[in-house]
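Colleague: Based on what follows, work out the 3D shape:
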Amino acid sequence: MIGYITLGSNKIVEAAEFYDELLATIGAKRIMSDAAFVAWSTGKSAPAVSITRPFDGKPASVGNGVMVAIAVDTPSKVDAFHAKALQLGGVDEGAPGTRYGNLYVGYFRDLDGNKLNAFCLVKE
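Modeller: Below you'll find the predicted structure:
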């Protein structure tokens, strides 16, 4: 269904370092990169996350209401992913916990202010 998502960045080097470490916690590695673009994935046919300088040359900005959700398989992985994001300089947007009955999720913003989360479904 989803092939990849791309987030705009004004700090490619710093953002790439942030995502190298953060996405490594779920087994993702760089699959493509150049001076203005980097992409990570967990496998050849798995979805990817990428960062880029905007093609139009204007500064990257955060989309209001836009959020990227990273699927993991246990609440402890949500906790670890969220904690790693904060350790790397991300900003907390909602501590890990259960929401909507069976959704375990932790929210944060990356170094450019993009909103992300790690989540898993838990049994009620």
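
Colleague: Dig out what the residue nearest to V105 when sequence neighbours are not counted forms beta bridges with.
Modeller: Using CB to CB, 6 or more residues apart in numbering and skipping residues adjacent in sequence, the residue nearest V105 is F119, 4.0 Å away. For the C-beta atoms, the positions are set from N, CA and C on the backbone; glycine is no exception. Beta-bridge partners for F119, by DSSP bridges, are A71, V105.

Colleague: ok, F119 touching P75?
Modeller: No: counting by CB atoms under 8 Å, F119 sits too far from P75 to count as a contact (9.5 Å).

Colleague: joint contacts of the two?
Modeller: Y104 (CB atoms under 8 Å, 6 or more residues apart in numbering).

Colleague: what about the helices in the chain?
Modeller: Assigned by DSSP state H, the helices in the chain fall at 12-24, 75-87.

Colleague: Against which helices or strands is the first one packed?
Modeller: So that's helix 12-24. Under the contact criterion of 3 or more CB pairs under 8 Å, 6 or more residues apart in numbering; DSSP states H and E, helix 12-24 touches strand 29-34, strand 37-41, strand 48-52, helix 75-87.

Colleague: which one of these lies closest to Y4?
Modeller: Nearest to Y4, of all the helices and strands packed on helix 12-24, is strand 48-52, at 3.9 Å by CB to CB.

Colleague: Contacts for that closest one, please.
Modeller: Contacts to strand 48-52, defined as CB under 8 Å, 6+ apart, come from residues 3-9, 12, 15-16, 19, 23, 28, 31-32, 36-41, 68, 70.

Colleague: If any of these are buried, put those into a PyMOL selection.
Modeller: Buried residues among the contacts of strand 48-52 (16 or more other CB atoms under 10 Å), as a PyMOL selection:
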select buried, resi 5+7+8+9+12+15+16+19+23+28+31+37+38+39+40+41+70
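
Colleague: Thank you, goodbye.
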